[in-house]
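K.L.:
Fold the following.
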Amino acid sequence: MIIIPAIDLIDGNCVRLTKGDFDTKKVYDKDPLEQAKEFESVNIKYLHIIDLDGAKQGKIINLLTIENIAKNTNLKIQVGGGIRTIEDGEKLFNAGVNKIIIGTLAVKEPVLFKQFIDTFGSEKIVLAVDIKDGKVGTHGWLEKSELTAEEFIEKMEELGVKYINCTDVSRDGTLEGPNMELYKDLQAKFPNINFVASGGMSKPSELKELQDMNMYGVIIGKAIYEGKITLEDLKPYL
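P.N.:
Model (predicted):
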């Protein structure tokens with residue numbers, strides 16, 4: 001199971017939200033590059049970056065910060081937030097990003113989303129499935145579609161999706177623990193998809209539980225920043 005710590009960006013700062021609510025923003029002291037280097041120092045290989053300004057505005061905003069991290073670390077970086085065009089994808093890959101994360105676009109414009117897969121290949125695309133009240137959320141979780149997660153994933157698998165970051169928005173940033181039942185259910189229904197759990201991580205034992213479920217990966221954000229899961233706790237999984 002791969003461990004993917006998260007850096008969420010607003011105005012170039014590391015922040016965390018609760019349940020995707022921008023009004024709950026908490027800014028952390030560390031410069032994003034400094035934080036990324038700290039992750040790398042304990043042999044973490046992957047990094048999850050969300051441009052929250054980009055998600056809200058529908059265009060990439062924090063490109064320079066992302067490029068700075070990519071150029072000054074050896075981390076394999078996946079980036080989401082505000083990616084709406086093929087050109088956006090090219091900008092991020094040229095900046096040194098390894099994978100791009102697409103959510104809203106896949107819901108709203110599946111034909112264009114398929115172009116992303118055709119252009120960059122399914123190994124470079126991560127689908128974000130953000131579940132809000134049982135339905136797929138969009139626009140940085142500010143809106144909700146009428147699609148259930150299963151309906152959406154079924155359609156996306158037909159388009160060639162291989163990697164999915166799945167977040168229960170009601171758990172995200174709450175430190176209440178991930179929605180294990182959701183992940184068990186989705187893994188059983190879609191055995192060919194590599195699922196990454198996201199949202200609600202709160203203690204080291206949850207990592208063991210996810211690993212025992214054969215999750216492909218887990219994204220950890222607030223639990224690290226609030227000291228609930230230490231970098232030392234992550235070492236057995238690296």
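
K.L.:
Quick check: which element contains residue 119?
P.N.:
Assessed by DSSP states H and E, residue 119 sits inside helix 110-120.

K.L.:
immediately after that helix, which helix or strand?
P.N.:
Following helix 110-120 in sequence order, the next helix or strand is strand 125-132 (DSSP H and E).

K.L.:
First-to-last residue distance for stretch 10-23?
P.N.:
End-to-end distance for stretch 10-23, by C-alpha to C-alpha, to the nearest Å: 12 Å.

K.L.:
just how off-centre is that stretch within its chain?
P.N.:
Computed by C-alpha atoms, centre = their mean, to the nearest Å, the separation of stretch 10-23 from the middle of its chain amounts to 14 Å.

K.L.:
what does that stretch rub up against?
P.N.:
Stretch 10-23 is contacted from outside by 7-9, 24-28, 30-32, 35, 52-53, 56, 62, 64-65, 130, 132, 137, 140-142, 169-170, 172-174, 221-222, 225, using C-beta atoms under 8 Å, 6 or more residues apart in numbering. Every residue, glycine included, has its C-beta placed from N, CA and C.

K.L.:
repeat that with 6 Å
P.N.:
Stretch 10-23 is contacted by residues 7-8, 24-28, 30, 32, 35, 52-53, 65, 141, 169, 172-173, 221-222, 225 when judged by C-beta atoms under 6 Å, 6 or more residues apart in numbering.

K.L.:
how many neighbours does residue 23 have?
P.N.:
Look at residue 23: counted by other C-beta atoms under 10 Å, it has 6 neighbours.

K.L.:
quick one, phi psi at residue 177?
P.N.:
Main-chain dihedrals, residue 177, degrees, to the nearest 10: phi 100, psi 150.

K.L.:
who touches it in this structure?
P.N.:
Counted by C-beta under 6 Å, 6+ apart, residue 177 has contacts 200, 202, 206.
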